[in-house]
Structure formats: C-alpha cells, structure tokens
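Enquirer: Please work out how this folds:
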Amino acid sequence: MKRSYIFTALALLFGASNGFTSPTTRQLSCHQYRSSAQYAIEEGHPAVIGWPEKYTEGGGNIQDETTGPVILSTEFQIQKASTSQLQQLDVMHWPTWTTSDKPKWAVGNQVVDKEMPYGELSYVLSGKLEIIPQSTGVPEIVNVGDFVTFPKGFVASWKVLEELTWHYYLY
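Expert: Just a heads-up that it's a prediction; the model follows:
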C-alpha cells in the first residue's frame, strides 16, 4: 500500500481539522519506532479500518507522539509486559475483546489453522490460551500479563483454556 494512500485515508477518517499531519518517527525506550503510519488503514479489512476510532473512543490520542501503540515484533512472539511498556503503549485505552460472548471461542474449543488477516498486538487481562503455530507445531501458552504479537498471515491452532479478555491493537 502506498504511503500517500495511508495519509489520505487517515486525513479523511480523522479530518484535517483534527490536526492530522504527516507522520514523524521517534525512537522509543523499548527500541521500537512510533509513526502515525502504524495507525494505517489496512485496505479492505473492517476490523483494522475501525480500530483507530475505537482507540480514540477509549480515550487514546492518535496524534500523541509520546505514547500509544507500536509494533513490538514482526514475528509471532509472547512476552511479559512491564509497567513502563503498558504506560508507554497506552494499553489501557486500547479496545477490549473477550471470548465470553463468542461460542466459537468457548473454553475447550479449538480453532484449527486460523490465519491472521491483519497484524495484532494483544495484552492479556484475564484467561489463558494455547496457540500452536503451524510453522513449529510447538504449543505456546499465553497468560495474564502477556503481550502477544500475531503478524499478518500467521497461521496457528488456538485453544481457549480459560475465558479470555484482552486489549488489542490492529495494524
């Protein structure tokens, strides 16, 4: 996707009157980069298109260059979140998702070969999940307090071990 399309789409979505400007990049202490382009609209996927609005509705500020979501990894990764990361990434303003009202994701159900249609960074608030990446076949357990990076195109089998609730950032 061309950068000019991203900027145009963001300007249309948030309006030039809301102070949208071309992205800038700065280095974060967690060795990641923040750029307004990370809030880019993934052409054609409604979940990603709607994410920035859900973030701002939750109190997040897309124009803030000091805090907000960033991509922590380009690979599937599970890592414990630190208090400073939670604050720096503004996680508590991210939208929330839960398995409680989704029969497909009921405890004990396994979803086989789910492919991620977009990138996602999640922070687990409650519950437990087993993920078996297709690439390794090795089960990984996701617990409360974990960040999980699901890159676009990642394929895995998922089994909900305990009802889940998490904050999410789609990119």
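Enquirer: From the contact counts, what lies against the strand or helix carrying Y123?
Expert: Secondary structure assigned from DSSP states H and E places Y123 in strand 120-133. Contact here means 3 or more CB pairs under 8 Å, 6 or more residues apart in numbering; DSSP states H and E; on that basis strand 120-133 packs against strand 140-142, strand 146-150, strand 155-170. Every C-beta, even on glycine, is put in place using the N, C-alpha and C of the backbone.
Enquirer: And that strand, what's buried?
Expert: E120, L121, S122, Y123, V124, L125, G127, K128, L129, I131, I132, P133 (16 or more other CB atoms under 10 Å).
Enquirer: That one versus strand 146-150: what angle between them?
Expert: Per axes from the mean of the first three to the mean of the last three CA atoms, to 10 degrees, the angle that strand 120-133 makes with strand 146-150 is 80 degrees.
Enquirer: Just checking: what are the partner strands of strand 120-133?
Expert: strand 140-142 (antiparallel), strand 146-150 (antiparallel), strand 155-170 (antiparallel) (DSSP bridges).
Enquirer: could you dump those to a markdown table with distance to E57?
Expert: Listed next are those as a markdown table, based on distance: least, CB to CB, whole Å:
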| stretch | distance to E57 |
| --- | --- |
| strand 140-142 | 26 |
| strand 146-150 | 22 |
| strand 155-170 | 13 |
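Enquirer: Burial-wise, tell me which of those comes out on top.
Expert: Across the strands paired with strand 120-133, the average number of neighbours (mean count of other CB atoms under 10 Å) peaks for strand 146-150, which reaches a mean of 22.
Enquirer: Any idea how far the strand holding Y123 is from the middle of the chain?
Expert: 11 Å (CA atoms, centre = their mean, to the nearest Å).
Enquirer: could I have it exported to PDB, CA atoms only?
Expert: The C-alpha trace of strand 120-133 is given here as PDB (Å, rounded to 0.1, in the frame of the first residue of the first chain):
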ATOM      1  CA  GLU A 120      -2.300  -7.700  16.000                       C
ATOM      2  CA  LEU A 121      -0.700  -6.900  19.300                       C
ATOM      3  CA  SER A 122      -2.700  -8.100  22.300                       C
ATOM      4  CA  TYR A 123      -2.300  -7.600  26.000                       C
ATOM      5  CA  VAL A 124      -4.000 -10.400  28.100                       C
ATOM      6  CA  LEU A 125      -6.100  -9.100  31.000                       C
ATOM      7  CA  SER A 126      -7.600 -12.400  32.000                       C
ATOM      8  CA  GLY A 127      -7.600 -16.000  30.900                       C
ATOM      9  CA  LYS A 128      -5.300 -18.500  29.200                       C
ATOM     10  CA  LEU A 129      -4.800 -19.600  25.600                       C
ATOM     11  CA  GLU A 130      -2.900 -22.300  23.900                       C
ATOM     12  CA  ILE A 131      -1.500 -21.400  20.500                       C
ATOM     13  CA  ILE A 132       0.200 -24.000  18.200                       C
ATOM     14  CA  PRO A 133       1.900 -22.200  15.400                       C
END
